[in-house]
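[1] Got a predicted structure here, sequence first:
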Amino acid sequence: MDILGIIPARFQSSRFPGKPLVKIDGKTMIQRVWEQSSKVLNHLVVATDNEVIKKEVDSFGGVALMTDENHKTGTDRCAEALLSYQKNHSVNFDIVLNIQGDEPFIDPEQIRQLIAVFTEETIQIGTLVKVIRDQEELINPNQPKVVLDKHQSALYFSRSPVPYIQNENQENWLKNHSFYKHVGMYGYRSNILLEISKLKKTILEQAESLEQLRWLESGYKIHTAVTDIDSFSVDSIHDLEKIKEKGLFINYEMPSI
């Protein structure tokens, strides 16, 4: 399989403007994501809407593409980057990986696990899930949960704890059922990525503010693989502090914007 890894890196963020440029022990977040991803992928590109981010990627020897600043989702940005990269390099890719640009400590093994989802040509979209062990994660609306069918395809994603365990106190739910959290990295067949980037918002997506529900509502299948590896995404400065407490780095430096 020919695989293209795309790291969407948007400058504007309501909670953390300039996030890709924050320095963690001397390296920007986007550089750390690039270095970890490049341990697995031969074809890798950062898709950004900002010249400063592009210059930063160029400075450490990465590859960056400028994309439309009006994209609403990382999926849309990946679709544009796929078409542009294929045109510029005269190559076609079977699979595209959407790698989160805010996970500076992404484990390369997770990327390998996601690639391994595409064992059959019928698999359209792949992603990773992890068993929830902690009650706080279970009830945290910022941590999407996913319900799987017996073939490990996603039935539904929700910010609420799902499924609801009847006749049992919520504090005991983890003892009575296996709950899964979503690990927000996706793989797509190239043609499927281009198709879903053209879909309109759906009712469930608007209700939960989870883009993947648009795909499910529209009839696409999302196959999953269970990972035991933790991931640490950075949505805010508070997240950086929590990761620092785990001993993964020593200092961080905010970008000058």
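    Thanks, I have the structure now.

[2] could you pull out the strands for the protein?
    In the chain, the segments counted as strands under DSSP state E are 3-9, 23-24, 27-28, 44-48, 64-66, 95-98, 125-131, 145-148, 154-158, 180-189, 222-226, 252-253.

[3] what's the angle from the first one to strand 180-189?
    In other words, strand 3-9. Here the directions of strand 3-9 and strand 180-189 differ by 120 degrees (axes from the mean of the first three to the mean of the last three C-alpha atoms, to 10 degrees).

[4] Check the fourth one too.
    Using the same axes, to 10 degrees, the inter-axis angle of strand 44-48 relative to strand 180-189 is 100 degrees.

[5] and strand 44-48, what other elements does it pack with?
    Strand 44-48 is packed against strand 3-9, helix 29-37, helix 51-59, strand 64-66, helix 74-89, with contacts defined by 3 or more C-beta pairs under 8 Å, 6 or more residues apart in numbering; DSSP states H and E. For the C-beta atoms, the positions are set from N, CA and C on the backbone; glycine is no exception.

[6] Pull out the buried positions in the first one.
    Residues 3-9 are the ones in strand 3-9 that count as buried (16 or more other C-beta atoms under 10 Å).

[7] and what of the fourth one?
    Residues 64-65 are the ones in strand 64-66 that count as buried (16+ other C-beta under 10 Å).

[8] May I have the strands that pair with that strand, each with its orientation?
    Within its sheet, and counting by DSSP bridges, strand 64-66 is paired with strand 44-48 (parallel).

[9] could you give the angle of the partner strand to helix 51-59?
    Going by the same axes, to 10 degrees, strand 44-48 makes 160 degrees with helix 51-59.

[10] Would you mark the buried spots in strand 44-48?
    Buried-residue list, strand 44-48, by 16+ other C-beta under 10 Å: 44-48.

[11] same thing with stretch 233-240?
    233-234, 239-240.

[12] Any chance of TSV for the residues you listed, columns distance to residue 172 and pLDDT?
    What follows is the buried residues of stretch 233-240, written out as TSV (distance: C-beta to C-beta, whole Å; pLDDT from 0 to 100):
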residue	distance to residue 172	pLDDT
233	28	90
234	32	92
239	29	91
240	33	92
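
[13] Which of those fall within helices?
    Among these, the members found in helices (DSSP state H) are 239-240.

[14] ok, of the buried residues of stretch 233-240, which one's closest to residue 204?
    Closest approach to residue 204 among the buried residues of stretch 233-240 (C-beta to C-beta): residue 233, at 22.7 Å.

[15] Which residues are in contact with the closest one?
    Neighbour list for residue 233: 100, 102-103, 184, 239 [criterion: C-beta atoms under 8 Å, 6 or more residues apart in numbering].

[16] With residue 218 as the reference, measure out to residue 212.
    Separation of residue 212 from residue 218 (C-beta to C-beta, to the nearest Å) stands at 11 Å.

[17] the more surrounded of the two?
    residue 212 (24 against 13; other C-beta atoms under 10 Å).

[18] Report the beta-bridge partner residues of the residue nearest to the more buried one when sequence neighbours are not counted.
    The spatial neighbour of residue 212 that comes closest, neighbours along the chain excluded (C-beta to C-beta, 6 or more residues apart in numbering), is residue 157 at 5.4 Å. Beta-bridge pairing for residue 157 (DSSP bridges): residue 146.

[19] ok, back up a step: quick one: the strands of the chain as TSV, columns for mean pLDDT too.
    Putting the strands of the chain into TSV (pLDDT from 0 to 100) gives the following:
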stretch	mean pLDDT
strand 3-9	97
strand 23-24	96
strand 27-28	97
strand 44-48	98
strand 64-66	97
strand 95-98	98
strand 125-131	98
strand 145-148	98
strand 154-158	98
strand 180-189	96
strand 222-226	98
strand 252-253	94
